[in-house]
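A.B. asks: Coordinates only, no sequence provided:
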């Protein structure tokens, strides 16, 4: 399977809290066949958030977790109209997310994806396209970074 597909992009996230957004990603991960159990993956995402924020700044967060419930590496992207409190590095709310799904044994892949995406989030053009693009545009944009 591919790391990312258009079905793993939701530009109409409904969540108004961090917990609701993480639940949406857990459900989306199951629908995309990347995760075996939404509740288990959701718990792992929440545990990771307790360690330190995944709020990158500029309205973007990169929630992620290495989890026994993840069947294969994946990337999901979400965007919503609700500004969600996320304890981001710049103390600003978040409305755009890149969620990384990594099996427990996928340490190197996890670090590679996180590093590639974090670097690219310094590029204002990339961020602008992420925040305004269609699903297919976002797919091409992110795949260009992680491939």
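C.D. replies: Yes, it's here. Predicted model, so just to flag it, every value in this text is computed and none were measured.

A.B. asks: What's the separation between residue 141 and residue 126?
C.D. replies: Residue 141 is 7 Å from residue 126, where distance means Cβ to Cβ, to the nearest Å. The way it works is simple: take the backbone N, C-alpha and C, and place the C-beta from them, glycine included.

A.B. asks: again, but for residue 104
C.D. replies: 30 Å.

A.B. asks: List the contacts of stretch 3-20.
C.D. replies: 21-24, 28-29, 31-32, 34, 46, 49, 73-80, 82, 84-86, 97, 134-136, 138-139, 142-143, 146 (Cβ atoms under 8 Å, 6 or more residues apart in numbering).

A.B. asks: neighbour-wise, which of residue 104 and residue 126 wins?
C.D. replies: Between residue 104 and residue 126, counted using other Cβ atoms under 10 Å, residue 126 has the larger neighbour count: 17 against 13.

A.B. asks: Next secondary structure element downstream of the one helix or strand in the chain whose mean pLDDT sits lowest?
C.D. replies: Ranked by mean pLDDT, DSSP states H and E, the weakest helix or strand in the chain is helix 107-120, scoring a mean of 83. Once the chain leaves helix 107-120, the next helix or strand it forms, by DSSP states H and E, is helix 124-132.

A.B. asks: Quick one: list the elements packing against that next one.
C.D. replies: Contact analysis of helix 124-132 by 3 or more Cβ pairs under 8 Å, 6 or more residues apart in numbering; DSSP states H and E lists strand 60-61, strand 74-84, strand 94-103, helix 135-146 as its packing neighbours.

A.B. asks: picking up where we left off before, of the contacts of stretch 3-20, just the buried ones, PyMOL syntax please.
C.D. replies: Buried members of the contacts of stretch 3-20, defined by 16 or more other Cβ atoms under 10 Å, are picked up in PyMOL with:
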select buried, resi 21+22+23+24+28+29+32+34+46+49+73+74+75+76+77+78+79+80+84+86+97+135+138+139+142+146
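
A.B. asks: That concludes my questions; thank you for your assistance.
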